[in-house]
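Undergrad: What follows is a predicted protein model with its sequence.
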Amino acid sequence: MKIKVITDSGSCLTQKQAQEIGIEFLPLQVSIEGHTYLDGIDLDSDLLYDFLNRGYMPQTSMPPLGFIEKMFEQFEKEEVTDVILITLSSGLSSTNATVQASAKWHGIQVHTLDIYTTLAVQRYLAIRASELVNQGIQIDEIMKRLEQSVNDSKGYLMPENMDHLARGGRLSPTVAKLAGMLKIVPILEVSKETEGKVGGKPEKVHTMTKAIKKSIKTVCDVKNVEDYEFFVMDSNADDYLQMAIEAFEEKGIHPQVSKIGAVIASHTGTGAIGIQMIKRIK
């Protein structure tokens, strides 16, 4: 049995970073003013933030079919028998189903699950899956451990405004309009409870400070906090990021910190903060 781990750029990994840790990488696509970029290859967060700050409204789509086919053709040559597939939520993209179809065509067995989210949790799952493969853990046991942690995870997204989410079809225009009318900061959930979609309703929180503290209080409300990984991400929102880090540290927690990747920031816009947690995979 020869196993490969695959993830996409929703994980906020770049192609180079994924290759360095032995993970196969699929770039989601971001189209801006007639030009299509491959996220994590010729588009990074800083370039995307620059486009957003200049008023562009990017469109996103799944990885190129040709890219997926080329990957599996190479796997056949390398006699790969199985892949562990960790993609962004099926509620956000059809990437997972498309990759499965290609693998079946090439006679390669796929082991996957819906992680109901993306970003740092996706990155964590892909990296841990790769580490477990390298440790020689049986593939069924790896998938069992991944699923157990996914079932004990949660994530919140707090955009400064919801124009990008609404225009991209990720959120109801009614919810976005309501939040704007009431001048409240939305705390949006992306988890198993929302079936991997951007869900929830605007909370009665009128400042980003209160929204951040409320979401952190919620994710930290678990037994044995030391058994969990916590993450803070931002899209060009340094002040909010520092605020979130300090709120975690007040609870004695040092979160992992990163940027919201380009393909996800295309929907959140700048000024957004993401808070996530997941139970550690042993």
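TA: Arrived safely. Numbering: from 1, shown residues only.
Undergrad: Which elements pack onto the helix or strand encompassing Phe248?
TA: Under the criterion of DSSP states H and E, Phe248 resides in helix 238-249. The contact analysis (3 or more CB pairs under 8 Å, 6 or more residues apart in numbering; DSSP states H and E) places helix 238-249 against helix 208-219, strand 228-235, strand 272-279. To be clear about C-beta, it is placed using only N, CA and C from the backbone, and glycine gets the same treatment.
Undergrad: which residues of this structure score low on pLDDT?
TA: For the chain, the stretches with pLDDT under 70 are 161-183, 200-204.
Undergrad: how about the strands in the protein?
TA: Under the criterion DSSP state E, the chain contains strands at 3-8, 24-26, 29-32, 35-38, 59-61, 82-86, 109-112, 153-158, 188-189, 228-235, 256-259, 272-279.
Undergrad: Looking at the ones you listed, spot the one closest to Phe248.
TA: Closest to Phe248 of these, according to CB to CB: strand 228-235, at 6.2 Å.
Undergrad: ok, Leu113 - contacts?
TA: The contact partners of Leu113, taken as CB atoms under 8 Å, 6 or more residues apart in numbering, are 143, 146-147, 150.
Undergrad: ok, now with 10 Å
TA: 84-87, 90, 96, 125, 143-144, 146-147, 150-151 (CB atoms under 10 Å, 6 or more residues apart in numbering).
Undergrad: And for Pro255?
TA: 120, 216, 219, 229-233, 244-245, 247-249, 275-277.
Undergrad: now, which of the residues you listed sits nearest Ala103?
TA: Ala120 (25.8 Å).
Undergrad: For Gln138, give me its contacts.
TA: Gln138 is in contact with 1, 132, 144, counting by CB under 10 Å, 6+ apart.
Undergrad: Repeat that for Ser191.
TA: Contacts of Ser191 by CB under 10 Å, 6+ apart are 89, 115-117, 121, 150, 153-156, 197, 199-200, 276-277.
Undergrad: now with 6 Å?
TA: The contact partners of Ser191, taken as CB atoms under 6 Å, 6 or more residues apart in numbering, are 116, 154-155.
Undergrad: so Val263 sits right up against Gln59, yeah?
TA: No - distance between Val263 and Gln59: 10.6 Å, which falls outside the contact criterion (CB atoms under 6 Å).
Undergrad: JSON lines please, covering the helices and strands packed on helix 238-249 and showing distance to Ile253 and mean neighbour count.
TA: JSON lines is the format used below for the helices and strands packed on helix 238-249 (distance: least, CB to CB, whole Å; neighbours: other CB atoms under 10 Å):
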{"stretch": "helix 208-219", "distance to Ile253": "9", "mean neighbour count": "19"}
{"stretch": "strand 228-235", "distance to Ile253": "5", "mean neighbour count": "23"}
{"stretch": "strand 272-279", "distance to Ile253": "9", "mean neighbour count": "25"}
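Undergrad: With that, I have no additional questions.
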